[in-house]
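**Q** here you go, sequence then predicted model.
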Amino acid sequence: NAGVTQTPKFQVLKTGQSMTLQCAQDMNHEYMSWYRQDPGMGLRLIHYSVGAGITDQGEVPNGYNVSRSTTEDFPLRLLSAAPSQTSVYFCASSYRTIRGTGELFFGEGSRLTVL
Amino acid sequence: KNQVEQSPQSLIILEGKNCTLQCNYTVSPFSNLRWYKQDTGRGPVSLTIMTFSENTKSNGRYTATLDADTKQSSLHITASQLSDSASYICVVSPNLNTGTASKLTFGTGTRLQVML
């Protein structure tokens, strides 16, 4: 049972480069999301999706794009990397309930460094 | 603004000892409060989820308590083990009744180190 799989685990980029962080889940969860984790700060929501074809912005969406063409996959695209995007990125998924998110299942994280 | 504050920021205890981590929140209206454990270099893993009607919930040596009146929660770890060394994150979810999940508020975590 793989759960939530993120790739790559580590990536170094130069300012201005673009890349895609991959996220896949095999639990048939409707809800998927991307967070970034920075020292001294709580996890912050970048983008989220409540189902295939539906995405929305979170707290810190600037500089990132997402799409949700299937239930399983939710890639995060960095359009033009900046040093401020150096962070650890987590993908998470859950069932939806009438009162909001069910239990969140997180991937192992992708550590991104932008030089 | 909804906030979640955790204390202490860090804690060192000896193996076998008990400890209690605190979480205060201002999220309202409140739906549920979650505790996650995050090992270094790993993703957070859920320990407990409590709704406003639950006062206490256990998961092995982990016991979470909730006082929805004072907006406080605690996570008590009994007979600590080296494997308990991790960050513990408190997360609060508002009651939206909309099915959306965008409003979770995360605390910054308490880093626990258990030593021999």
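**A** Arrived safely, thanks for sending. Small disclaimer: the values here were computed from a predicted structure and weren't measured. Numbers count the residues shown, from 1 in each chain, chains lettered A, B, ... in the order given.
**Q** ok, A:Glu59 to B:Lys37 distance?
**A** Distance from A:Glu59 to B:Lys37, counting by Cβ to Cβ, to the nearest Å: 23 Å. (C-beta placed from N, C-alpha, C; glycine too.)
**Q** so between these two, which is more surrounded?
**A** B:Lys37 (21 against 14; other Cβ atoms under 10 Å in any protein chain shown).
**Q** partner residues bridging the more buried one?
**A** Judged by DSSP bridges, the bridge partners of B:Lys37 are B:Val45, B:Tyr88.
**Q** let me see the contact set for it.
**A** B:Lys37 is in contact with B:44-45, B:47, B:86-89, counting by Cβ atoms under 8 Å, 6 or more residues apart in numbering or on different chains.
**Q** nearest to chain A, out of those: which one, please.
**A** Set against chain A, the nearest of the contacts of B:Lys37 by Cβ to the nearest Cβ is B:Pro44 (5.0 Å).
**Q** B:Phe106 against B:Val91, yeah?
**A** Yes: using Cβ atoms under 8 Å, B:Phe106 is in contact with B:Val91, at 5.2 Å.
**Q** which one's more surrounded, these two?
**A** More crowded of B:Phe106 and B:Val91, by other Cβ under 10 Å: B:Val91, with 24 against 21.
**Q** which residues touch residue 85?
**A** No chain was given, so I picked chain A. If you count contacts by Cβ under 8 Å, 6+ apart, A:Gln85 has them with A:63, A:78, A:112, A:114.
**Q** oops, wrong one, chain B.
**A** So B:Ser85 contacts B:39, B:112-114 (Cβ under 8 Å, 6+ apart).
**Q** returning to that earlier point: now, which of the contacts of A:Gln85 sits nearest A:Thr5?
**A** Lowest distance from A:Thr5 to these (Cβ to Cβ) belongs to A:Leu112, with 16.8 Å.
**Q** the closest one - how many residues pack around it?
**A** Close neighbours of A:Leu112, defined as other Cβ under 10 Å, add up to 20.
**Q** also B:Met50?
**A** By the criterion of other Cβ under 10 Å, B:Met50 has 18 neighbours.
**Q** thinking it is in contact with B:Asp67, fair?
**A** No: counting by Cβ under 8 Å, B:Met50 does not reach B:Asp67; the two are 10.7 Å apart.
**Q** need the residues touching each of those two.
**A** B:Ser73.
**Q** returning to what we had before: got a winner among the contacts of B:Lys37 for most neighbours?
**A** Neighbour tally across the contacts of B:Lys37 (other Cβ under 10 Å): the maximum, 27 neighbours, falls on B:Pro44.
**Q** that one and A:Phe106 touch, don't they?
**A** Yes: applying Cβ under 8 Å as the test, B:Pro44 and A:Phe106 come out as touching, 5.0 Å apart.
**Q** now the common contact residues for the two.
**A** Counting by Cβ under 8 Å, 6+ apart, the shared contacts of B:Pro44 and A:Phe106 are A:Phe90.
**Q** would you mind listing what in chain A touches chain B?
**A** Proximity of chain A to chain B is confined to A:4, A:31, A:33, A:40-45, A:48, A:50, A:56, A:58, A:90, A:92, A:94, A:96-101, A:103-109 under the rule Cβ under 8 Å from any Cβ of the partner chain.
**Q** try 7 Å
**A** By Cβ under 7 Å from any Cβ of the partner chain, the residues of chain A that approach chain B are A:31, A:40-43, A:45, A:48, A:50, A:56, A:58, A:90, A:94, A:96, A:98-101, A:103-104, A:106-109.
**Q** list phi and psi for B:Ser83.
**A** Phi and psi for B:Ser83, reported as degrees, to the nearest 10, are phi -70, psi -10.
**Q** sounds good, over and out.
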